[in-house]
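Asks: what follows is a predicted protein model with its sequence.
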Amino acid sequence: MTLAKVIGTVTSTIKHKHFHALKMMVVLPVDEFGAENGESFLAVDRVQAGMGDTVLILREGNGMRQLFKQEGFCVRSAIVGIVDHVEPMSVG
Amino acid sequence: MILGKVIGRVVATQKYQGLEGQKLLIVQPMDEHRKDRGTPVVAVDTVMAGLGDPVYMVLSREAALALEPWFVPVDHAIVGIVDSIDLMEEPS
């Protein structure tokens, strides 16, 4: 899974049926120290995440189909957890 | 899933049989600030997007699942037209 920060939301009325009634958020991957760590992308929210939250993202289709219990589901990324605390091990 | 902007259309009469009747659009991926990111791609359209529309796309296998019947050979599918992108204010 990917550690990321919620930086925005996307609203859209005209969308594929699988995306109906799903909240779409813009997320930015971060490392364990909270520093930006990749390109932003979109993920569907499943845990009522808010702006600025550090979250856990599942970025894999099969996991989505199990999460939504729907075969042939075309959503690929979802926010599956809100992170309270990250404790990076001090190395060395 | 990524954001993009429709910048053109593709017409291909000679193509794989599963692609008949599918609308092909050229999409320039973009970030949440609507700035271009990476190179344009050809995506199948599932939401009647038009030229200039901001959209979001699903990639790889999920793109093939966005179509009926499944597993038409596509790796980018437009699955939503963006109404608005609301971003967190940057900490000044």
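Replies: Everything's here; your move.
Asks: now do the helices in chain A.
Replies: A:61-68 (DSSP state H).
Asks: quick one, strands of the chain?
Replies: Answering for chain A, as no chain was given. Counting by DSSP state E, the segments of chain A that form strands are A:2-11, A:23-29, A:41-45, A:54-58, A:78-82.
Asks: please go with chain B instead
Replies: Using DSSP E, strands in chain B cover B:2-10, B:23-30, B:41-45, B:54-59, B:76-81, B:84-87.
Asks: want to throw those into a markdown table with mean pLDDT?
Replies: What follows is the strands of chain B, written out as a markdown table (pLDDT from 0 to 100):
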| stretch | mean pLDDT |
| --- | --- |
| strand B:2-10 | 97 |
| strand B:23-30 | 97 |
| strand B:41-45 | 97 |
| strand B:54-59 | 97 |
| strand B:76-81 | 97 |
| strand B:84-87 | 97 |
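Asks: distance to residue A:11 and mean neighbour count added to these, as TSV?
Replies: All C-beta atoms are positioned from the backbone trio N, CA, C, and that covers glycine. Below are the strands of chain B laid out as TSV (distance: least, C-beta to C-beta, whole Å; neighbours: other C-beta atoms under 10 Å in any protein chain shown):
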stretch	distance to residue A:11	mean neighbour count
strand B:2-10	13	18
strand B:23-30	16	19
strand B:41-45	20	21
strand B:54-59	11	24
strand B:76-81	10	24
strand B:84-87	5	14
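Asks: nearest to residue A:67, of these?
Replies: strand B:54-59 (15.2 Å; C-beta to C-beta).
Asks: residue A:31 - nearest residue in space that isn't next to it in sequence?
Replies: residue A:37 (4.3 Å; C-beta to C-beta, 6 or more residues apart in numbering or on different chains).
Asks: so what's the residue count around the one you found?
Replies: When counting by other C-beta atoms under 10 Å in any protein chain shown, one arrives at 15 neighbours for residue A:37.
Asks: quick one: contacts for it?
Replies: Residues near residue A:37 by C-beta atoms under 8 Å, 6 or more residues apart in numbering or on different chains: A:3, A:29, A:30, A:31.
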